[in-house]
Structures are given as structure tokens and as C-alpha cells.
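1. predicted model, plus sequence, below.
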Amino acid sequence: MVQGETARGRRRWWACVALALVVTATVGCGSDPEPTSSKGGSSEPTDEVFPVTIEHKYGETTIDERPERVVTVGLTDHDSVLALGVVPVGVTEWFGEHPSATWPWAKDELADGKAEIVGTASEIGFEKVAAARPDVILALYSSVTESDYEKLSQIAPTVAQPKEYVDYGVPWHEQTLIVGEVLGEPAEAAALVDDVKGRLADAKAQHPEFEGATGMVAVPYEGTISVYAPDDVRGRFMTSLGFVQPPEIADIAGEDFSADLSEEQTALLDVEALVWIVNDVATDAPKFDEQPLYANLAVHQEGREVFVANLDEVGGALSFQSVLSLPFLVDELVPQLAEAVEGRTAG
């Protein structure tokens, strides 16, 4: 469970694993990593943008000069750092256990670099963060508590999650723009955001059938269903393509990023495109036939479902929702969503 609360902690777990899959990671200090280094962008970096002050959930943080050593505590923050040409010295392992916690869509940006694992989805390794000797710590896609923030701030200037969003709710574009400010690359960050927004807009324009259609992303867990709310990054992906959610989902979720549905609320899953994140598609998809309340819904009867495996690249990209994962996700998932809206036989 993620850093210690009960009902709230259970909801955090959805963000930290995207399903009932407890991820463990072997964390080692290893050799002292090389400082972060810019691999170049559209323009030469300049120190004229510093100092910069970033507001966040626990106040504001001022960065006086360009950071050379970056540690990411936010579960997906390192994608934005890599996209801007910097290899972090420390990263957090969320799930997948890829080298340097870096998934295939970001390997080109990692190149020959290496980042030490300084924590996991369930625990911040404060000693490992300190051992990385960071100039700045990023905790944007996170649920760090005020106590966590204070501990991290004693190590280096720390930028926590934005106060405008629920924990684990920072939109990918805001995440990228904040990282751009921190690294002194605001123009490059804006260009990356514009490019990905353009890809999403093109996908939406190519599929007018998505506009106004109901669509959601859901996860099964121990006999219950959790649906990602409109304020969650996965929910926003669907709405960015034109899909809408039943308004009840936001009401149930409240200030959380997901809504846990009871059996009596199963009918809310009867949408025109429903993406399921599961452990194993071949094993788990047939189990939905065994759930009478769900199996009788049109979404199942008409094959309007898309199943993705959590640890596969598409499933990982859907949960990451980063500036680097989104182009891959658009190419791979959008065609499946188009088939779902059209309706197809299950399997």
C-alpha cells in the first residue's frame, strides 16, 4: 500500500499499480551516478531564466540556478526530464522493473545514461535520495505528504505536486511545463507539449465518432471495480479524444482520482468504449463472462471493450500518460478504441 493511509491509501494504490499487482524492486545505491547532462534541444540552454519559483501543494520552491543533478520522486516525472534532454541521477520505480525505471518509449532519450533507483511506488528511499546528491527533487506525479516534502526539502529544493489537482492528478502537459521551468527549458517544454497536443487533436479529428461517445478506463480488484475519474490522467486521455464519462463517476470519485463501484452501480460501466487494465488479457478477459450483472450489459454483449495488460507497453503507456508515452499510446490504442465504438464480438 502507498505510504500509509487506509481508505485513502487504497485509492492511492490504484495510481501506484493500476491494478492488484504489488510491485517490488531491488534498490541499491551502486556507484555514484554521473551528473545530469543536457543532450541538446531545439535551442541552447540559457541561465537567464533563473531564479525560478514554482508554486505547489505545500507552498513554493525557488531554484536559483540550473540544476545539474535531478532526482524524480514523482512516478512518471523522469519521462519529462528525459524528454528535455536530461538524464536524472535518481528515479522512482513504479512498475515494470525496466532498467533505470525507463520504459521502451523513453529508451532513446535515456541513451547510454543510467539513473539509480531511489524509491518505489510504496516508499521513498530518503537515504538513497540524499546519496544521489540532487540539486533539485521533483515530486509532481505523486502523493507526497507534507512530512515527506519537509524531509525531501532538507536534502534539496523540492517541487511537490500542484495544489490545483488531486494527488497523482497533474496533467501530462502541466507536468512537462513545470519540469521545463525547473530545468531552464520553458520554450523546449512548450514545443514538446504543442507537438503531443497536435497528435491528440489529429487523432480526435480522424475519429469524429469519439465526440460525445461515452468512454472510460477501469480496473478490476478483489471483486470490485475502480473507474478512473475525469481528473485522473487516464480519464483525461479519453476526454482528450472526445469521449465523455457518465456524470455519476465524478460524483462518486469526489476529490479522488478514481471511483469504486458497488454491484448496484455496475450499469455505469455500460458505455460505448470501455478500456480494462488487467494482469493478463488471455486469462482475465474471459472472467468477465462469469459476472452476470456485467455480462448482460451491451458494452460486453456488443464487444465494446478493449483489454490491455498492465505490464505490456500499451498498458504501461496508458498509466504513465507522459509526454513520451502518449505518442506511442495514440498509435496503438486509438485504433482499438475505434473498433470498440463500432462494436465487435468479444475476443
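-> It's in.
2. ok, the residue most central in space within the chain to Val233 distance?
-> Among the residues of the chain, the one closest to the centroid is Phe320, at 3.2 Å (CA atoms, centre = their mean). Distance from Phe320 to Val233, counting by CB to CB, to the nearest Å: 8 Å. Yep, even glycine has a C-beta here, placed from its N, CA and C like the rest.
3. check Leu110 too.
-> For Leu110, the distance to Val233 equals 22 Å [CB to CB].
4. for those two, indicate the residue with more neighbours.
-> With other CB atoms under 10 Å as the criterion, Leu110 and Val233 differ in neighbour count, and Val233 comes out ahead with 25 against 21.
5. for the residue lying closest to that one once chain neighbours are set aside, give me its contacts.
-> Using CB to CB, 6 or more residues apart in numbering and skipping residues adjacent in sequence, the residue nearest Val233 is Gln321, 3.8 Å away. Residues in contact with Gln321 (CB atoms under 8 Å, 6 or more residues apart in numbering) are Thr76, Trp172, Val233, Arg234, Arg236, Phe237, Leu329.
6. now, these that are in helices?
-> The members of these that map onto helices under DSSP state H are Trp172, Val233, Arg234, Arg236, Phe237, Leu329.
7. quick one: the fifth one and Val334 touch, right?
-> This points to Phe237. No: counting by CB atoms under 8 Å, Val334 is not a contact partner of Phe237; they are 10.0 Å apart.
8. of these two, who's got more company?
-> Phe237 (24 against 18).
9. from Pro220, how far out is the more buried one?
-> Distance of Phe237 to Pro220, given as CB to CB: 19 Å.
10. Leu152 and Glu248, how far apart?
-> 37 Å.
11. quick one, which of these two is more surrounded?
-> For Leu152 versus Glu248, neighbours defined as other CB under 10 Å are more numerous around Leu152 (24 against 14).
12. the more buried one touches Leu138, doesn't it?
-> No: using CB under 8 Å, Leu152 makes no contact with Leu138, being 9.9 Å away.
13. which residues do those two both contact?
-> Common neighbours of Leu152 and Leu138 are listed as Val73, Thr158 (criterion: CB under 8 Å, 6+ apart).
14. mean confidence for the biggest helix by length in the chain?
-> Taking DSSP H as the criterion, the chain has its longest helix at helix 186-206. Averaged across helix 186-206, the pLDDT comes to 98.
15. give me the next element, helix or strand, following it.
-> Per DSSP states H and E, the first helix or strand lying C-terminal to helix 186-206 is strand 215-221.
16. buried residues in that following strand?
-> For strand 215-221, a neighbour-count test (16 or more other CB atoms under 10 Å) marks Gly215, Met216, Val217, Ala218, Val219, Pro220, Tyr221 as buried.
17. reformat those as TSV; add pLDDT and distance to Arg304.
-> Shown next, in TSV, are those (pLDDT from 0 to 100; distance: CB to CB, whole Å):
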residue	pLDDT	distance to Arg304
Gly215	98	9
Met216	97	11
Val217	98	13
Ala218	97	12
Val219	96	17
Pro220	91	17
Tyr221	77	21
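18. in CSV, list those residues along with distance to Gln301.
-> Compiled in CSV, these are given as follows (distance: CB to CB, whole Å):
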residue, distance to Gln301
Gly215, 17
Met216, 17
Val217, 20
Ala218, 17
Val219, 21
Pro220, 18
Tyr221, 24
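19. count of neighbours near Val71?
-> 35.
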